[in-house]
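J.: coordinates for the following, if possible.
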Amino acid sequence: MDLAVRSHLPLFSTSFTSKSPKVKVFTVKCSSVPLSSDGAATGLVERPWKVADARLVLEDGSIWRAKSFGASGTQVGEVVFNTSLTGYQEILTDPSYAGQFVLMTNPHIGNTGVNFDDEESKQCFLAGLVIRSLSISVSNWRWTETLEDYLAKRNIMGIYDVDTRAITRRLRQDGSLIGVLSTEESKTNEQLLEMSRTWDIVGVDLISGVSCKSPYEWVDKTGTEWDFNSSGRDGETFHVVAYDFGIKQNILRRLASYGCKITVVPSIWPASETLKMKPDGVLFSNGPGDPSAVPYAVETVKEIIGKVAVFGICMGHQLLGQALGGKTFKMKFGHHGGNHPVRNFRNGRVEISAQNHNYAVDPASLPKGVEVTHVNLNDGSCAGLAFPQRKLMSLQYHPEASPGPHDSDSVFGEFIQLMREERQKV
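T.: Numbers count the residues shown, from 1 in each chain. Sure thing, here's the model as predicted:
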């Protein structure tokens, strides 16, 4: 609105006489300015701040206006919250987040930028990133790119200036929800809501979309400036075949640092071909989605266990549970974060762990002889298994991560010892 004020007399006068008028007359001129659909004025100088240009529509009918960064478009996925304070780049490149929007409960994200050394895979597999505040500056000696540019180049959508606390409360109360993220004004809220209610992540094979396509050898170790826990390694070499269900590179680095020669194979690699390699051990890696959606992987695990030493992590842990005859179930909102306390029953210690899973093994469904070695102290869920008679061990969380900072790294040494014992028997 334009406002013009005119007075017939000066506002200030040096002399006041009885003849001076006591009433001043003002002329007010008003004119309207057209507004765009989002309420922003058009025809004026562009605002120095970004306005809300994105929507997150959840299947419960709630609509959250936000500002976009990264890629544009429309994307559907399962919304989960992650309680990690740091490590957003590792989260972005963790293949286990395929098909999911990751909401960070830590409000300030992006202040350390990104760098190529912290990536856990060659690309981003998550559906999108939801944060409260996007840092306007970067301060880190290792950064090579801003978070916004990083996501844009990888075609990953992100939103900020949204009430992440309120959404997290909703997810904790109602469980993980399907959502649609869109920057397209042409799509109505009703259309986006319909998309969220007709898409489902349960029963979908997400592993095949993140696994490698052919076998390869992995040789990189943890960098010398980051290596730790190197005592007790005697230089003995073990050949490990690692099934890639969405494997994180740091798992491979830690195995290599412990003296393993590693062959990575696709998720559909036949068990018979693996056994022909005569490995000392087999690793079943982490991965996204529902273990019940990949029966071919369960059959592979069944054919291998009992023949060589086996170590399962996350998805690998769940596949081992099913292969042993147990059942898995979908959790209410899963475990996603770098601050989950886990009790190790074997030594009585509590480990601070990094976790990322929406499914868990039901320990009551497992056969006799299977030992629950770890339990999550937040909800009592099964976090680790061992079955000495079948030469296997597993964890529901990430021992290669460093939130504790290195509480669980010794489990790689336990896997080495398991392979050593089997080698000595032969």
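
J.: which SS class is Ala297?
T.: Secondary structure, DSSP: H, G, I helix; E, B strand; the rest coil: Ala297 is helix.

J.: can you list the weak-confidence ranges in the stretch 101-250 of the chain?
T.: 229-234 (pLDDT under 70).

J.: repeat that for 80
T.: The stretch 101-250 of the chain contains residues with pLDDT under 80 at 224-235.

J.: show me where it has strands.
T.: Taking DSSP state E, counting those that start in this stretch as the test, the strands found in the stretch 101-250 of the chain are 108-109, 128-130, 133-134, 157-160, 177-182, 216-218, 238-243.

J.: could you dump these to CSV with distance to Phe116 and mean neighbour count?
T.: Bear in mind the C-beta positions are built from the backbone N, C-alpha and C, glycine included. Shown next, in CSV, are the strands of the stretch 101-250 of the chain (distance: least, CB to CB, whole Å; neighbours: other CB atoms under 10 Å):
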stretch, distance to Phe116, mean neighbour count
strand 108-109, 19, 16
strand 128-130, 18, 27
strand 133-134, 21, 18
strand 157-160, 19, 26
strand 177-182, 26, 25
strand 216-218, 17, 13
strand 238-243, 22, 24
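
J.: looking at those, which is closest to Pro363?
T.: Closest to Pro363 of these, according to CB to CB: strand 238-243, at 23.4 Å.

J.: so where do the helices sit in this protein?
T.: 88-92, 147-153, 164-174, 189-198, 249-257, 271-276, 295-304, 315-323, 410-425 (DSSP state H).

J.: turn those helices into TSV, including mean neighbour count and distance to Arg343.
T.: Output for those, formatted as TSV (neighbours: other CB atoms under 10 Å; distance: least, CB to CB, whole Å):
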stretch	mean neighbour count	distance to Arg343
helix 88-92	23	25
helix 147-153	19	35
helix 164-174	16	23
helix 189-198	16	38
helix 249-257	21	22
helix 271-276	14	33
helix 295-304	18	26
helix 315-323	27	16
helix 410-425	16	14
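
J.: could you report the pLDDT at Pro405?
T.: With respect to pLDDT, Pro405 has a value of 83.

J.: any idea how many residues pack against it?
T.: By other CB atoms under 10 Å, the residues close to Pro405 number 9.

J.: and for the one 3 residues further on?
T.: With neighbours defined by other CB under 10 Å, the count for Ser408 comes to 24.

J.: of the strands of the stretch 101-250 of the chain, which is nearest Ser84?
T.: strand 108-109 (10.3 Å).

J.: so which other helices or strands are in contact with the closest one?
T.: When contacts are defined as 3 or more CB pairs under 8 Å, 6 or more residues apart in numbering; DSSP states H and E, strand 108-109 sits against strand 133-134.

J.: check contacts around the residue lying closest to Gly128 once chain neighbours are set aside.
T.: Distance criterion CB to CB, 6 or more residues apart in numbering; nearest residue to Gly128, sequence neighbours excluded, is Met157 at 4.2 Å. With contact taken as CB atoms under 8 Å, 6 or more residues apart in numbering, Met157 is in contact with 54, 68, 70-73, 75, 127-129, 151, 181, 183.

J.: for the residues you listed, which one is nearest Ile201?
T.: Of these, the one sitting nearest to Ile201 (CB to CB) turns out to be Ala127, at 9.9 Å.

J.: neighbours of the closest residue to the closest one other than its chain neighbours, how many?
T.: In this structure, Ala127 finds its nearest non-sequential neighbour in Gly77, 3.1 Å apart by CB to CB, 6+ apart. By other CB under 10 Å, 22 other residues sit near Gly77.

J.: return the residues in contact with Gly77.
T.: Taking CB under 8 Å, 6+ apart, one finds Gly99, Gln100, Phe101, Leu126, Ala127, Gly128, Ile178, Gly179, Leu181, Ile201 in contact with Gly77.

J.: same thing but at 10 Å, please
T.: 97-102, 126-128, 157, 178-181, 196, 199, 201 (CB atoms under 10 Å, 6 or more residues apart in numbering).

J.: still on that earlier bit, any idea how far Glu225 is from the residue nearest to Gly128?
T.: Met157 sits 34 Å away from Glu225, going by CB to CB, to the nearest Å.

J.: just the strands in the stretch 301-426 of the chain please.
T.: 309-313, 327-344, 350-362, 371-376, 382-387, 392-395.

J.: what's the closest of these to Arg420?
T.: strand 309-313 (8.9 Å).

J.: and that closest one, how far out from the chain's middle?
T.: 22 Å (CA atoms, centre = their mean, to the nearest Å).

J.: now do it and strand 382-387, the angle between them.
T.: Orientation of strand 309-313 against strand 382-387 (axes from the mean of the first three to the mean of the last three CA atoms, to 10 degrees) gives an angle of 170 degrees.
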